[in-house]
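K.L.:
Sequence and computational prediction follow.
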Amino acid sequence: MAYCRQEGKDRIIFVTKEDHETPSSAELVADDPNDPYEEHGLILPNGDINWNCPCLGGMASGPCGEQFKSAFSCFHYSTEEIKGSDCVDQFRAMQECMQKYPDLYPQDDDEEEEEKPSEQAKEAAFTEASAATEQGSSS
């Protein structure tokens with residue numbers, strides 16, 4: 001004899017061998033890509049950024065959420081040859097904001113010292129790329 005019971009958010013259904021002998025009458029419903037309650041990944045079907053994606057780890061909210069959104073949007077929609085090279089100012093603003101809240105956005109001191117030279121090189125590359133972009137557009 002088949003029966004069903006609810007345990008919290010889960011519904012547990014017990015079926016018998018006889019229940020499995022007849023074909024299922026369940027109908028599958030196609031996913032609606034515009035369903036606002038449907039969970040999606042980082043990029044929505046229409047190409048927009050899903051700011052509610054758990055993969056962002058809450059970065060889109062909080063005191064630096066707007067700076068994060070600005071920097072991430074710039075990078076996502078960047079069409080530069082070096083993707084994101086036009087987003088240095090937005091990432092710098094995000095970093096400056098995060099430095100104001102070290103309890104919310106901690107940095108490991110050990111890793112920071114090891115990464116510092118590569119971070120400086122990365123920032124120099126972005127600066128050079130943005131300077132080259134500005135020179136190229138003003139010519």
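P.N.:
Received it, and whenever you're ready, just let me know what you need. The model shown is predicted, which means the values in this text are computed figures rather than measured ones.
K.L.:
same for whichever strand or helix holds Phe68, what does it pack against?
P.N.:
Here Phe68, judged by DSSP states H and E, is contained in helix 65-77. For helix 65-77, the elements it packs on are helix 88-99, judged by 3 or more C-beta pairs under 8 Å, 6 or more residues apart in numbering; DSSP states H and E. C-beta: built from backbone N, CA, C; applies to glycine.
K.L.:
May I see the buried residues of the helix it packs on?
P.N.:
Val88, Gln90, Phe91, Ala93, Met94, Cys97, Met98 (16 or more other C-beta atoms under 10 Å).
K.L.:
What mean pLDDT does it get?
P.N.:
For helix 88-99, mean pLDDT is 95.
K.L.:
who's in contact with whichever strand or helix holds Ile12?
P.N.:
Taking DSSP H and E as the definition, one finds Ile12 inside strand 10-14. Residues from elsewhere that reach strand 10-14 (C-beta atoms under 8 Å, 6 or more residues apart in numbering): Ala2, Tyr3, Cys4, Arg5, Gln6.
K.L.:
Strands - which of those land there?
P.N.:
Tyr3, Cys4, Arg5, Gln6 (DSSP state E).
K.L.:
Quickly list what the first one is bridged to.
P.N.:
Right, Tyr3. Tyr3 has these beta-bridge partners by DSSP bridges: Phe14.
K.L.:
Measure how the helix holding Phe68 sits relative to helix 88-99, angle-wise.
P.N.:
150 degrees (axes from the mean of the first three to the mean of the last three C-alpha atoms, to 10 degrees).
K.L.:
Help me confirm that Met98 comes into contact with Gly62.
P.N.:
No - assessed by C-beta atoms under 8 Å, Met98 is found out of contact with Gly62, at 9.6 Å.
K.L.:
Name the residues contacting each of the two.
P.N.:
Leu104.
K.L.:
residues near Lys9, how many?
P.N.:
Residues lying near Lys9 (other C-beta atoms under 10 Å) number 5.
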